[in-house]
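Participant: pasted the sequence and its predicted model underneath.
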Amino acid sequence: MVSDEELTLSVSQYIDIVNRVLKDSLGEGVWIQGEIEGFNNRTKHTYFNVVERTNGKKAAVSVAIWEFNMKRLKPLLDKHRLTLADGIKVRLFGSGDIYPERGSFGFKVSNIDPRFTLGDLAGQRDEIVQKLKLAGLYDANKRVTPPVVPMRIALLTSIGSAAHADTLHELEASGIGFDVQVYDVRVQGEDAAPTVVAALQQAAQRSDIDLIMLVRGGGSKTDLLAFDTEEIAAAIGKCAKPVFTGIGHEIDFSIADEVAYRAFKTPTACAAGVVEMVNEFVQLTEDTWAQIASAASDLLQSAEHDLIRTLDRIRHRPMDVLNLAAQTLKGASDRLRLLDPVNTMARGWSITRDAHGKTVRNVGQVAAGEQITTQLSDGTITSTVNS
């Protein structure tokens with residue numbers, strides 16, 4: 001039996017006492033930290049749980065941010081480009097109490113520490129980068145041999161998004177006949193990493209793809225968290241095709257950007273980078289052909305000049321040959337004329353022959369009493385050898 005002296009409280013009295021104890025113990029509020037789970041902002045107020053997992057055990061606190069507090073905190077979150085979502089670690093200031101109508105305990109948030117969230121994200125990022133480096137995946141895609149002229153492109157983006165439209169517009173405006181295969185992927189939320197990884201793997205296996213573009217428009221740091229995951233970064237590192245990224249705004253730089261073959265500030269800049277590659281190849285080709293044409297023109301002009309000189313020599317050569325032959329012939333004629341006996345005898349020489357008509361060159365050829373004939377320039381003399 002319950003004695004009359006035992007204290008009996010009504011439900012509301014009990015809740016009031018507990019709430020007073022909480023307020024007296026914790027004052028106006030306390031900071032708590034944990035990971036957001038079950039995020040829900042579909043009404044004017046925001047609800048979620050802050051959970052802690054330790055050694056396989058889970059502790060959770062129900063959290064509420066009333067509409068007026070969220071409006072007051074939003075500029076602070078926007079300044080640090082943060083949005084609240086599942087999986088984000090937060091440090092929250094507030095007070096706890098029991099809600100009388102349901103008897104449920106809740107933590108009413110009045111402030112948030114964005115530096116805690118940013119620090120946790122930076123820590124996670126550093127940890128993932130180190131794992132990628134140890135696995136040899138951090139700069140693996142940068143070592144992939146790029147195509148000379150990337151005309152066949154796999155575009156990984158959310159179809160219908162501004163990034164999708166901006167990228168296609170930039171490619172089409174170039175006037176280059178790109179062949180673009182679009183892969184519709186999620187770029188935010190829990191489905192982003194699996195769909196992006198699957199698309200990267202599929203595009204990498206295709207022989208009709210030269211280059212992969214992964215693009216997403218701007219957003220908060222937490223909106224872009226998928227591109228800081230190990231899953232997407234590792235898939236880029238393992239990809240056999242060069243991956244170009246254009247993720248977020250100019251101030252954003254994700255792990256996916258770090259490991260990609262080339263990273264650009266925006267989707268438009270990414271498309272412009274591909275266009276520039278093709279234009280550089282076209283310009284190089286045109287310059288090369290111009291050099292070839294110039295060299296061919298120089299060769300033709302040189303050959304033309306050589307031909308003209310040759311023709312000129314051919315035109316004048318016959319007379320030169322005839323003149324040289326005439327001079328040679330005249331020289332020979334003069335030499336022959338000098339050797340002609342008639343000319344020699346005219347200078348006082350004579351030719352003596354014996355009775356047999358042989359030329360007498362020495363005295364031993366004739367004997368006394370032999371008749372000889374001496375030929376002069378103007379006649380002959382017949383003589384008898386006396387001695």
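Facilitator: Arrived safely, thanks for sending. Numbering: from 1, shown residues only.

Participant: next one: the most centrally placed residue in the chain from L211, what distance?
Facilitator: When C-alpha atoms, centre = their mean is applied to the chain, the residue found nearest the centroid is P146 (6.2 Å). As defined by C-beta to C-beta, to the nearest Å, P146 lies at a distance of 7 Å from L211. Any C-beta I mention is one placed from the backbone N, CA and C, and that applies to glycine too.

Participant: what sits against the residue nearest to the centre of the chain?
Facilitator: For P146, the contacting residues are L211, P242, Y261, M277, by C-beta atoms under 8 Å, 6 or more residues apart in numbering.

Participant: who touches both of P146 and L211?
Facilitator: Contacts common to P146 and L211, judged by C-beta under 8 Å, 6+ apart, are P242.

Participant: burial measure for the nearest residue in space to T359 that is not next to it in sequence, as a count.
Facilitator: In space, and not counting its chain neighbours, T359 is closest to R353: 5.6 Å by C-beta to C-beta, 6 or more residues apart in numbering. Residues lying near R353 (other C-beta atoms under 10 Å) number 15.

Participant: separation between R353 and R361?
Facilitator: From R353 across to R361, the span is 11 Å (C-beta to C-beta).

Participant: same check on G34?
Facilitator: 143 Å.

Participant: between those two, point out the one with more neighbours.
Facilitator: Between G34 and R361, counted using other C-beta under 10 Å, G34 has the larger neighbour count: 18 against 8.

Participant: which of the helices or strands spans that one?
Facilitator: strand 30-40 (DSSP states H and E).

Participant: hmm, who's touching that strand?
Facilitator: Counting by C-beta under 8 Å, 6+ apart, 46-53, 60-61, 84-96, 107, 113, 116 sit against strand 30-40.

Participant: tell me the strands beside that strand, with direction?
Facilitator: Sheet pairing of strand 30-40 (DSSP bridges) gives strand 46-54 (antiparallel), strand 89-99 (antiparallel).

Participant: winner for burial among those?
Facilitator: Among the strands paired with strand 30-40, strand 89-99 has the highest mean neighbour count (mean count of other C-beta atoms under 10 Å), at a mean of 18.

Participant: adjacent strands (with direction) for the following helix or strand past that strand?
Facilitator: Tracing the chain C-terminally past strand 89-99 and defining elements by DSSP H and E, one meets strand 104-112 next. Here strand 104-112 has these sheet partners by DSSP bridges: strand 57-65 (parallel), strand 89-99 (antiparallel).

Participant: what's next to strand 104-112, contact-wise?
Facilitator: So strand 104-112 is in contact with 29, 32, 50, 61-66, 69, 73, 76-77, 90-99, going by C-beta under 8 Å, 6+ apart.

Participant: what does stretch 248-259 give?
Facilitator: 125, 128-129, 132, 137-142, 214, 216-219, 221, 224, 227-230, 232-233, 236-237, 245, 247, 263, 265-266.

Participant: out of the residues you listed, list just those in strands.
Facilitator: The strands, defined by DSSP state E, take in L214, R216, T245, I247, A263 from the contacts of stretch 248-259.

Participant: and the two most separated of those residues?
Facilitator: R216 and A263 (12.4 Å; C-beta to C-beta).
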